[in-house]
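Participant: Could you look at this predicted model? Sequence included:
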Amino acid sequence: MPFRSGFVCILGRPNAGKSTLLNALVGEKLAIISPKPQTTRNRIQGVVNIPKGKGKGQSGAQIVLIDTPGVHKPDSSLGRKMMVEVREALEGCDVVLLIMDATRKLDQRDEFAIQMLKHLSTKVCLVLNKVDLLRGGKSQLLPLIEEYKKLHQFHEIIPISALKHDGLDILLKEVTTALPAGPPYFPPDQLTDQPARFMAAEIVRERVLVETEEELPYATTVIVDSFEEGAKLTRVAATIYCEREGQKGILIGKKGQMLKRIGTSARLQIERMVGTKVFLELYVKVRPNWRESRGFVEELDWRRQLEHLTSGHVDVEKASVKHEQQKKRQG
Ligand SMILES: Nc1nc2c(ncn2[C@@H]2O[C@H](COP(=O)(O)OP(=O)(O)OP(=O)(O)O)[C@@H](O)[C@H]2O)c(=O)[nH]1
Ligand SMILES: [Mg+2]
């Protein structure tokens, strides 16, 4: 069998477990995760290298996964931008993994997600996630699978638990065989295109999502103002934007306790990512209705921020994340 490679878009409704699946397949935390819907706001690339000889007749493969924001009907500039990210990830991909929460009954919002596939000629695998939560085991899925089959002709239907890493080997095998023959797109130690600077912003945002309630998780965003990597210490300054003074008060908390909690847990995660000690400075600013501002939402796009930074000759390349675990696996 020839070496295979290609782009695989992970599509699905908010909270289905797309980012959990990306991280599980890559073996590294590339995307932030939270129990709150609409956690992911831009597409995130993760590379999985399947070594030669693993499985009968295998010549190796490179799967470039793209995690996407949850499919929903947008009601703000931010929501519309998220859906643009989904469409861009779908464009030109070789396989789509439509990931659905198997514990929930099908409803109109699922049908809306499936509608996005109608004009595509790409192979679509239906991935039924969260089977660890099914009391009756995988056989409980049969009626649900029948309903899904009525809506689309799926290439394969694969039950998994992204959280418990159940069914992932079968999923990888199916994806690999569905890919075209071709050379790898990325060197084996590159696991994502997203520089550490922007992953640090996401880590801070994850901590805000986890620590806050109600409207606040949705009304916040994070921009890294400076990111200086040294051999022993990385200095990061970031601003958390919210929409109202009251939200700013909650984010800072009594005697600054909330901001301290967010900062400490974010710092520990960033330290694990960059492999040095981290000095993290956090600021909170109010930007009324930022989710409605098309200009500001565009500014949040890390690919755009990267363009500005590289035109200012900031060395962000140095901060790109390498895949330690994958290196070990291959080594
Ligand atoms: N029990 C169980 N929980 C899961 C599984 N996969 C994901 N989750 C949980 O589901 C929630 C949402 O997971 P995410 O990976 O953030 O979901 P997502 O599809 O990326 O969500 P958005 O980014 O908001 O679109 C988190 O609390 C996960 O821990 C699974 O296989 N089993
Ligand atoms: Mg996500």
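Facilitator: Arrived safely, thanks for sending. Ligands and ions are numbered 1, 2, ... in the order given.
Participant: in the sheet, who's paired with the nearest residue to residue 182 once chain neighbours are set aside?
Facilitator: In this structure, residue 182 finds its nearest non-sequential neighbour in residue 5, 4.5 Å apart by Cβ to Cβ, 6 or more residues apart in numbering. To be clear about C-beta, it is placed using only N, CA and C from the backbone, and glycine gets the same treatment. As for beta bridges, residue 5 partners with residue 62 under DSSP bridges.
Participant: Equivalent analysis for the one 4 residues further on, please.
Facilitator: Judged by DSSP bridges, the bridge partners of residue 9 are residue 66, residue 96.
Participant: So that it lines up with my notes, have the first residue be 30 from now on.
Facilitator: Will do, 30 is the new start, and the previous item becomes residue 38.
Participant: hang on, isn't it packed against residue 125?
Facilitator: Yes - with contact defined as Cβ atoms under 8 Å, residue 38 counts as touching residue 125 (5.0 Å).
Participant: so what sits against both of those two?
Facilitator: Residues touching both residue 38 and residue 125 by Cβ atoms under 8 Å, 6 or more residues apart in numbering: residue 119.
Participant: Please, where are all the helices along the stretch 80-229 of the chain?
Facilitator: Applying DSSP state H, counting those that start in this stretch to the stretch 80-229 of the chain gives helices spanning 106-119, 137-144, 171-180, 197-207, 225-240.
Participant: Let me see the mean pLDDT of the third one.
Facilitator: Read that as helix 171-180. Helix 171-180 shows a mean pLDDT of 95.
Participant: hey, C-alpha coordinates of that helix in CSV?
Facilitator: Extracted C-alpha coordinates of helix 171-180, given in CSV (Å, rounded to 0.1, in the frame of the first residue of the first chain):
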residue,chain,number,x,y,z
LEU,A,171,-28.7,0.9,16.7
PRO,A,172,-32.0,2.9,16.5
LEU,A,173,-30.0,6.2,16.4
ILE,A,174,-27.8,4.8,13.6
GLU,A,175,-30.9,4.0,11.6
GLU,A,176,-32.1,7.6,11.9
TYR,A,177,-28.7,9.0,10.9
LYS,A,178,-28.6,6.7,7.8
LYS,A,179,-31.9,8.3,6.6
LEU,A,180,-30.2,11.7,6.5
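Participant: For the stretch 30-179 of the chain, what lies in contact range of ligand 1?
Facilitator: Residues of the stretch 30-179 of the chain lying near ligand 1 by Cβ under 6 Å from any ligand atom: 41, 43-49, 62-64, 66-69, 98-99, 158-159, 161-162.
Participant: Now with 8 Å, please.
Facilitator: Proximity of the stretch 30-179 of the chain to ligand 1, by Cβ under 8 Å from any ligand atom, involves residues 41-52, 60-70, 96-99, 128, 130, 158-162.
Participant: Kindly report the same for the stretch 180-329 of the chain.
Facilitator: Taking Cβ under 8 Å from any ligand atom as the measure of proximity, the stretch 180-329 of the chain contacts ligand 1 at 189, 190, 191, 192, 193, 195.
Participant: and if we set it to 6 Å?
Facilitator: Contacts of the stretch 180-329 of the chain with ligand 1, taken as Cβ under 6 Å from any ligand atom, map to 190, 191, 192.
Participant: ok, now which ones touch the first one?
Facilitator: Just to be clear, that refers to residue 190. Contacts of residue 190 (Cβ under 8 Å, 6+ apart): 158, 159, 160, 161, 196.
Participant: Could you check how far it is from ligand 2?
Facilitator: 16 Å (Cβ to the ion, to the nearest Å).
Participant: Show me what that residue bridges to in the sheet.
Facilitator: With DSSP bridges as the rule, residue 190 is bridged to residue 195.
Participant: And the residue in the stretch 130-279 of the chain that ligand 1 sits nearest to, how far from ligand 2?
Facilitator: Nearest residue of the stretch 130-279 of the chain to ligand 1, counting by Cβ to the nearest ligand atom: residue 192, 3.3 Å away. To ligand 2, residue 192 is 13 Å away according to Cβ to the ion.
Participant: close enough to count as contact, that residue and residue 49?
Facilitator: Yes - the criterion here is Cβ under 8 Å, and residue 192 meets it with residue 49 at 5.9 Å.
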